[in-house]
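> Next input, structure requested:
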Amino acid sequence: MKFSHLLFVFLLGALGYGGAEVLWRGHTHWTMLLLGGAGFLAVYRISVRAAPPLCHLLSAAALTALEFSCGLLVNRALGWDVWDYSALPGNLLGQICPQYALIWLALSVPCCALARALNRCVFRPLNPPAAPARRALPSPIRRRPPPPGAPAPSRSSRCGSSRGGPRRGRGSAPHPPARRCPPRP
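Numbers count the residues shown, from 1 in each chain. The predicted structure is shown next:
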């Protein structure tokens, strides 16, 4: 996939998640733009390889894992306290919790649909569908013999042929040189 496509997907995710967070919380942090871009890149890569509902489950798991990783770095290691889920039940080190994992699952449905639409309509598919299996070529077409009592075809009826004669089966001698048709009366 081209770098420009990846950059477009990243920026779309960064701006989309940043805007959603401003609507949800009233503010955002610049690290959330990076997290949103990385998250949508992950959703995009998953959605072009897996069909729904597996795509939704894998995307929600990837987003939760990214949120946990980013939280360990930004909140725990650097101490920036961008978010804290320690008051919510079932949280893991205050960085992720089941409630937000369900929100990621719900958001993965439209995000996967958007990623598939981008892949289908804007970018070339990463994994084009496999080519259908090749079938054996049909056997050469043979002329049917004329019905009983019908006159045999004249030689001039074959003059339009570029091969210069009737078809021959496989393994036969090469075709004779092409003949010119007699002039029409």
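
> Give me the below-cutoff pLDDT ranges for this structure.
Counting by pLDDT under 70, the ranges of the chain that qualify are 1, 124-143, 152-185.

> So which residues of this protein form helices?
Listed in chain order, the helices of the chain (DSSP state H) span 3-25, 30-47, 54-71, 98-121.

> Highest mean neighbour count out of those helices?
helix 30-47 (a mean of 22; mean count of other CB atoms under 10 Å). C-beta: built from backbone N, CA, C; applies to glycine.

> hmm, who's touching it?
6, 9-18, 20-21, 55, 58-59, 62-63, 66-67, 70, 74, 80, 82, 108, 111-112, 115-116, 118-119, 126 (CB atoms under 8 Å, 6 or more residues apart in numbering).

> what's the spacing between Leu54 and Cys112?
From Leu54 over to Cys112 the distance is 10 Å, taken as CB to CB, to the nearest Å.

> Can you tell me how far His27 is from Gly13?
As judged by CB to CB, His27 and Gly13 stand 19 Å apart.

> ugh, wrong one, I meant Ala113
14 Å.

> returning to what we had before: could you export the helices of the chain as JSON lines, including distance to Ala87?
Conversion of those to JSON lines gives the following (distance: least, CB to CB, whole Å):
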{"stretch": "helix 3-25", "distance to Ala87": "15"}
{"stretch": "helix 30-47", "distance to Ala87": "20"}
{"stretch": "helix 54-71", "distance to Ala87": "15"}
{"stretch": "helix 98-121", "distance to Ala87": "11"}
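
> how about those, which one is nearest Gly90?
Gly90 lies closest to helix 98-121 among those, at 4.5 Å (CB to CB).

> elements contacting the closest one?
Here helix 98-121 touches helix 3-25, helix 30-47, helix 54-71, going by 3 or more CB pairs under 8 Å, 6 or more residues apart in numbering; DSSP states H and E.

> Just put those in a markdown table and tack on distance to Leu92.
Formatted as a markdown table, those follow (distance: least, CB to CB, whole Å):
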| stretch | distance to Leu92 |
| --- | --- |
| helix 3-25 | 20 |
| helix 30-47 | 17 |
| helix 54-71 | 7 |
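
> of all these, which lies closest to Leu102?
So among the helices and strands packed on helix 98-121, helix 54-71 is nearest, using CB to CB, at 8.1 Å.

> packing partners for the closest one?
For helix 54-71, the packing partners by 3+ CB pairs under 8 Å, 6+ apart come out as helix 30-47, helix 98-121.
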